[in-house]
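>>> Here you go, sequence then predicted model.
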Protein chains: 2
Amino acid sequence: MPPFDPALRDAATLVEARLAAILAKEPDRGSPPRLIDAMRHAVLGGGKRFRPFLVLESAQLFGVSPQAAIDAAAAIECIHCYSLVHDDMPAMDNDELRRGRPTVWKAFGEWSAILVGDGLQALAFELVSAPSAHSDPAVRAELVHTLAIASGSPGMVGGQALDLEAENSLPASVADVAHITRLQSMKTGALIRAACEMGAIAGQASPDQRAALVRYGEALGVAFQISDDLLDAEGSAADVGKATGKDAAAGKATLVSLLGIADARRHLDTTVQAAVDALAPFGAKADVLREAARFMGRRDS
Amino acid sequence: MPPFDPALRDAATLVEARLAAILAKEPDRGSPPRLIDAMRHAVLGGGKRFRPFLVLESAQLFGVSPQAAIDAAAAIECIHCYSLVHDDMPAMDNDELRRGRPTVWKAFGEWSAILVGDGLQALAFELVSAPSAHSDPAVRAELVHTLAIASGSPGMVGGQALDLEAENSLPASVADVAHITRLQSMKTGALIRAACEMGAIAGQASPDQRAALVRYGEALGVAFQISDDLLDAEGSAADVGKATGKDAAAGKATLVSLLGIADARRHLDTTVQAAVDALAPFGAKADVLREAARFMGRRDS
């Protein structure tokens, strides 16, 4: 995903610097050097930082500066990175390369990869509960709560379990549109939705404003996933920057394989419009978030 | 470890019931049934519940009822259980049995075990950040922060990394008393100390009271580990309820192997006394915690 806006690049730069600064302090508090190297490998050196971008942009709607929301943004990125480290493992997706570099288990061994993921998850909750995340402890507690639900068994972890159940043809997995929609809304949608909601929490939004951002995040997550599936089905490897046709080769059901390309594209357009519509209460301040949604609708064209 | 006091049995009963009730609600919020079964396997059906007991007993010093502190206690048990699930995996300790039952990876597969651990960690932070954990959000945020640091790379996860580095003879591991002490204070000590500190936090203790409970927890963690190592070196399998001589057979350095049994026993006695002394400010209310420390000193005799 190329940056659709300088705001995405700026967020990535800010988050990368903050994560580097956080990990640079680990030796002072006794974290083992080799474990820190592996955590650094997992977290630094690239990534779109799309979820932190959503936290920062959503918070900014309420006048919260990127600097003030940076630890909530860094925390959600730690969760995203830990999930990639564990998903890459031989027992899960068995991937040896990520962004052109060896995955953590390949570079540091499997037990290190398990511990890197575990340590990054703990670090995420440490960051978001620390006074530096927000001056109001009620905001910090709510950030933790939202992130924990989105990343746990009712969210990201549960979605990954459903995905692996389907891959391993375990009984409960029926590859219909309802099941795939639920699986994806948990596996990737929950964290995208939480990113937007965490921005609203950090901004001490009203219940209506917060609900609007949740609706936006919900639709954005669906659009993100359909556009990913369309890219996989239609795109060339050069455009996408990774192998395409992987889902079809793996016999993996997606909305594209179930609905066909034309219907999936129509569904994508409707979803992008729903995301844009959800931002109506915020006026021009939400233009960057609008552009992020529209970008999902044209990623594959 | 047989119950040294009815308080330990009562705490175990309370925590088991709370964990069962929490997991019973998982289907309603969409967590996948098979994943919940595996989480249930990891969390229910036994265990001394020593860390939750410490949370409840420490909180009770400040007039906080077990019912009021139960979610903080359940949260630390979720962390402890997730660490066992991951530690048992083939890439870590490769254990097939725990408490006479198949370990999670053995019963549900490796990818399920990774996800069960990840989901339990998230659940721990969800529990401790929820309004039911404490009415004051500042208390909740501090409970999260303390638990995150204790369980992460500067604590439990880092200690496990050091332990596996030693087992795999990676360069940084020197089996001297200082290194083993540091490793154990991270791997098992951090969570025991955090349990006592979380009780103090839930009880809104003064800084002095909180520091006293941290000193107690620190000493208790050391005593717990030495008594475990003495049991392994001296005890019969029948007394201990698990295989003994495992450390020596694995060539694993412990304080017992480095100091010898007599010196290790003296160190244990000193440490138990330090734990008891730390409780002086609390008078007779701390008798159960005193008895827990003294119990460590006579576990192997």
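That came through, no problem. Numbering: from 1, shown residues only, chains lettered A, B, ... in the order given.
>>> use CA for all of it now, contacts and neighbours both
OK.
>>> Where does pLDDT dip in the stretch 151-300 of chain A?
A:171-174, A:236-245, A:248-250, A:300 (pLDDT under 70).
>>> Close to chain B: what parts of it are there?
A:151-155, A:157-158, A:160-162 (C-alpha under 8 Å from any C-alpha of the partner chain).
>>> Which of those residues fall in helices?
A:151, A:157-158, A:160-162 (DSSP state H).
>>> Now tabulate those residues in CSV and tack on neighbour count.
Shown next, in CSV, are those (neighbours: other C-alpha atoms under 10 Å in any protein chain shown):
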residue, neighbour count
A:Ser151, 30
A:Val157, 30
A:Gly158, 28
A:Gln160, 24
A:Ala161, 26
A:Leu162, 27
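>>> Relative to A:Gly260, which of these is nearest.
Of all those, A:Gly260 sits closest to A:Leu162, with 22.3 Å by C-alpha to C-alpha.
>>> Run a quick check on the closest one versus A:Leu183, I expect a contact.
Yes: using C-alpha atoms under 8 Å, A:Leu162 is in contact with A:Leu183, at 6.2 Å.
>>> hang on, the earlier thing: using CSV, please lay out the residues of the stretch 151-300 of chain A next to chain B together with distance to A:Ala253.
Output for these, formatted as CSV (distance: C-alpha to C-alpha, whole Å):
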residue, distance to A:Ala253
A:Ser151, 23
A:Gly152, 23
A:Ser153, 22
A:Pro154, 21
A:Gly155, 20
A:Val157, 19
A:Gly158, 18
A:Gln160, 14
A:Ala161, 15
A:Leu162, 12
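>>> Figure out how far stretch A:164-173 is from the centre of its chain.
23 Å (C-alpha atoms, centre = their mean, to the nearest Å).
>>> swap in stretch A:190-205?
Relative to its chain's centre, stretch A:190-205 lies at 12 Å (C-alpha atoms, centre = their mean).
>>> burial measure for A:Ser185, as a count.
22 (other C-alpha atoms under 10 Å in any protein chain shown).
>>> swap in A:Ser257?
For A:Ser257, using other C-alpha under 10 Å, the count is 17.
>>> Please, which helix or strand holds it?
helix A:255-259 (DSSP states H and E).
>>> Report the buried residues of that helix.
Within helix A:255-259, the residues that qualify as buried are A:255-257, counting by 16 or more other C-alpha atoms under 10 Å in any protein chain shown.
>>> list the contacts for the spatially closest residue to A:Leu143 that is not a sequence neighbour?
Residue nearest to A:Leu143 in three dimensions, not counting chain neighbours: A:Met198, with 5.9 Å by C-alpha to C-alpha, 6 or more residues apart in numbering or on different chains. Applying C-alpha atoms under 8 Å, 6 or more residues apart in numbering or on different chains to A:Met198 gives the contacts A:55, A:58-59, A:72, A:143, A:146-147.
>>> mind listing which of those are in strands?
The subset of the contacts of A:Met198 located in strands under the criterion DSSP state E is empty.
>>> In helices only, show me the residues you listed.
A:55, A:58-59, A:72, A:143, A:146-147.
>>> any idea which of those is closest to B:Pro27?
Among the ones in helices among the contacts of A:Met198, A:Thr146 lies closest to B:Pro27 (C-alpha to C-alpha), at 18.4 Å.
>>> Tell me which helix or strand the closest residue to that closest one other than its chain neighbours sits in.
Closest residue in space to A:Thr146, ignoring its immediate chain neighbours: A:Ala194 at 6.6 Å, by C-alpha to C-alpha, 6+ apart. With secondary structure defined by DSSP H and E, A:Ala194 is part of helix A:190-202.
>>> following that helix, which helix or strand shows up next?
Heading C-terminal from helix A:190-202 (DSSP H and E), you reach helix A:207-234.
>>> okay if I get the contacts of A:Met198 as a markdown table plus distance to B:His80 and neighbour count?
Below are those laid out as a markdown table (distance: C-alpha to C-alpha, whole Å; neighbours: other C-alpha atoms under 10 Å in any protein chain shown):
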| residue | distance to B:His80 | neighbour count |
| --- | --- | --- |
| A:Val55 | 31 | 31 |
| A:Ser58 | 35 | 31 |
| A:Ala59 | 35 | 28 |
| A:Ala72 | 26 | 30 |
| A:Leu143 | 23 | 28 |
| A:Thr146 | 22 | 22 |
| A:Leu147 | 20 | 28 |
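>>> how about those in TSV, adding pLDDT?
Converted to TSV, the contacts of A:Met198 look like this (pLDDT from 0 to 100):
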residue	pLDDT
A:Val55	98
A:Ser58	98
A:Ala59	98
A:Ala72	98
A:Leu143	98
A:Thr146	98
A:Leu147	98
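>>> these two touch, right, A:Arg290 and A:Val276?
Yes: between A:Arg290 and A:Val276 there is a contact under C-alpha under 8 Å: 5.4 Å.
>>> Following element in sequence after whichever helix or strand A:Val85 is part of, please.
For A:Val85, the host element (DSSP H and E) is helix A:66-87. Next along the chain after helix A:66-87, taking DSSP H and E as the criterion, comes strand A:97-98.
>>> from the middle of its chain, how far away would that following strand be?
In terms of C-alpha atoms, centre = their mean, the centre of strand A:97-98 is found 17 Å from the chain centre.
>>> again with stretch A:151-171
Centre to centre, stretch against its chain (C-alpha atoms, centre = their mean), the figure for stretch A:151-171 is 16 Å.
>>> got the buried residues for it?
For stretch A:151-171, by 16+ other C-alpha under 10 Å, it's A:151-166.
>>> So which of those residues is the closest to A:Arg215?
Nearest to A:Arg215 out of the buried residues of stretch A:151-171 is A:Gly155 (C-alpha to C-alpha; 16.1 Å).
>>> list the contacts for the nearest residue to the closest one once chain neighbours are set aside?
Closest residue to A:Gly155 apart from its sequence neighbours, by C-alpha to C-alpha, 6+ apart: A:Met186 at 4.4 Å. Shown in contact with A:Met186 (C-alpha under 8 Å, 6+ apart): A:150, A:154-160.
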